[in-house]
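Undergrad: give me coordinates for this.
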Amino acid sequence: MKPTPSPRVRFFAILALILVAGGGAYMLIHGSSSTSNTAGTQTTLRATKHTQTTAKRGAKLEKSKKSASVGGINALDAALVNHPLVVVSVYARNVSTDDQAMSEAQAGAAAAGAGFVAFNVFDERTARQLATLLGGNAAPSPEVLFFKRGRKLAFTLQGFADSRIVAQAAKNVYPFSDPWVSDADRICSRFSGPLSLALSKAKSANLDTAAGRAQAAAAMNSAAATLTRETKSLRAVRANVGNAKDYSQLVADLQQIATNMGSEAAALRGNDRTTATSIDQKNAALIASASSLAAKLQIISCAS
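TA: So this is what the prediction gives:
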């Protein structure tokens, strides 16, 4: 039989249990709270570090973008490597008329096949570089400058200039031609000799005699045949989109001139001097028109 604990023993045992339970509860509550607070602090620190890292990365990226952008003289030099002529638009950014002038200059440069660079005079560094290029002189805005290789200033357009004026000025400063222009020019150059010879024989013939009219008719037929072969070759050349309409008209005019030459030859053979003269006058006007188109397209050998 087990001895029964005294009331005092039972009291101390119960008190001990209460203390142990209370201590465990205290550790459970305060330990959990401490852990929770520590976890919260760590989470906050991680979030702060993440935000700071993201901000630093953004700043580095922005700095990288700024350092990667090329402006001023560096941009001009880079453009001159690829283009023998560079159009430089001097403008003040966020000034509406200047922004428009810059866009027109860019379009004109593209139409002429030239390079393009814009100098914003509101940027102090760019303005200083521009003044150095111009021998220490400040450039007004808007203005368009035309530079050849070696940073040589070839021409200046002061004030607002639309794209057509800029393109024409660029072509005048440096007559750049697309490959198709060179192809067409070679064709006209190849046929120009025989054509000139045939026309000279026709003009030198004495139309007052049957033999002279026959000579003129034969020469006109020869010229017509030469010009027809020329237009056939020219028709195979593909002009760029911007000049396709004018080029097509030039080829059509040349073909019509050849047809008229054949008709004039027939009139001469029939001794119909009136018709021959009328056709010759029509051809003179058509030749002038074709020559003007050829000059506009910079096909020099096709312009008489």
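Undergrad: can you list the domains in the protein?
TA: 73-173, 179-302 (automatic domain parsing).
Undergrad: hey, least reliable of the ones you listed by pLDDT?
TA: Note on these: domain 73-173 shows the lowest mean pLDDT, a mean of 88.
Undergrad: can I get the CA coordinates of the helix or strand where residue 288 lies in CSV?
TA: Assigned by DSSP states H and E, residue 288 belongs to helix 273-296. These are the backbone C-alpha positions of helix 273-296, laid out as CSV (Å, rounded to 0.1, in the frame of the first residue of the first chain):
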residue,chain,number,x,y,z
ARG,A,273,8.1,68.4,-146.3
THR,A,274,5.2,70.0,-144.3
THR,A,275,4.5,66.9,-142.3
ALA,A,276,8.2,66.3,-141.8
THR,A,277,8.7,69.8,-140.4
SER,A,278,5.7,69.5,-138.1
ILE,A,279,7.0,66.2,-136.7
ASP,A,280,10.4,67.7,-136.3
GLN,A,281,9.0,70.6,-134.3
LYS,A,282,7.0,68.2,-132.0
ASN,A,283,10.1,66.2,-131.5
ALA,A,284,12.1,69.3,-130.5
ALA,A,285,9.7,70.0,-127.7
LEU,A,286,9.6,66.4,-126.6
ILE,A,287,13.4,66.2,-126.6
ALA,A,288,13.6,69.3,-124.4
SER,A,289,11.1,67.7,-122.0
ALA,A,290,13.1,64.4,-121.9
SER,A,291,16.3,66.3,-121.4
SER,A,292,14.9,68.2,-118.5
LEU,A,293,13.6,64.9,-116.9
ALA,A,294,17.0,63.3,-117.4
ALA,A,295,18.8,66.2,-115.7
LYS,A,296,16.4,66.1,-112.8
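Undergrad: show residues contacting it.
TA: With contacts defined as C-beta atoms under 8 Å, 6 or more residues apart in numbering, helix 273-296 is touched by 188, 207, 246, 249-250, 253-254, 256-257, 260-261, 263-264, 267-268, 300, 302-304. Placement of C-beta: from N, CA and C, glycine included.
Undergrad: in that helix, which residues are buried?
TA: Within helix 273-296, the residues that count as buried by 16 or more other C-beta atoms under 10 Å are 276, 279, 280, 283, 290, 293, 294.
Undergrad: picking up where we left off before, out of the contacts of helix 273-296, which are buried?
TA: For the contacts of helix 273-296, buried by 16+ other C-beta under 10 Å: 188, 207, 250, 253-254, 256-257, 260-261, 263-264, 267-268, 302-303.
Undergrad: find the pair from those with maximum spatial separation.
TA: 207 and 250 (30.1 Å; C-beta to C-beta).
Undergrad: can you tell me which of the buried ones among the contacts of helix 273-296 is nearest residue 87?
TA: Relative to residue 87, and with distances defined as C-beta to C-beta, the nearest of these is residue 303, at 26.0 Å.
Undergrad: please name the nearest non-neighbouring residue to that closest one.
TA: Nearest non-adjacent residue to residue 303, counting by C-beta to C-beta, 6 or more residues apart in numbering: residue 294, 3.9 Å away.
Undergrad: gap between that neighbour and residue 301?
TA: 8 Å (C-beta to C-beta, to the nearest Å).
Undergrad: between the two, which contacts overlap?
TA: With C-beta under 8 Å, 6+ apart as the test, residue 294 and residue 301 both reach residue 188.
Undergrad: ok, back up a step: specify which member of the buried ones among the contacts of helix 273-296 is nearest to residue 173.
TA: Closest approach between the buried ones among the contacts of helix 273-296 and residue 173, by C-beta to C-beta: residue 303, at 20.1 Å.
Undergrad: what residues are up against the closest one?
TA: 291, 292, 294, 295.
Undergrad: if you set the cut-off to 10 Å instead, what comes out?
TA: 185, 188, 250, 290, 291, 292, 293, 294, 295, 296, 297 (C-beta atoms under 10 Å, 6 or more residues apart in numbering).
Undergrad: same question for residue 182.
TA: With contacts defined as C-beta under 10 Å, 6+ apart, residue 182 is in contact with 237, 298, 299.
Undergrad: does the second one really touch residue 181, like I thought?
TA: Yep, that's residue 298 we're talking about. Yes: counting by C-beta atoms under 10 Å, residue 298 does reach residue 181; the two are 5.5 Å apart.
Undergrad: you'd agree residue 135 is in a strand?
TA: No: applying DSSP: H, G, I helix; E, B strand; the rest coil, one finds residue 135 to be coil, outside a strand.
Undergrad: neighbours of it, how many?
TA: Neighbours of residue 135 under the rule other C-beta atoms under 10 Å: 7.
Undergrad: distance check, it against residue 226.
TA: Counting by C-beta to C-beta - residue 135 and residue 226 are separated by 54 Å.
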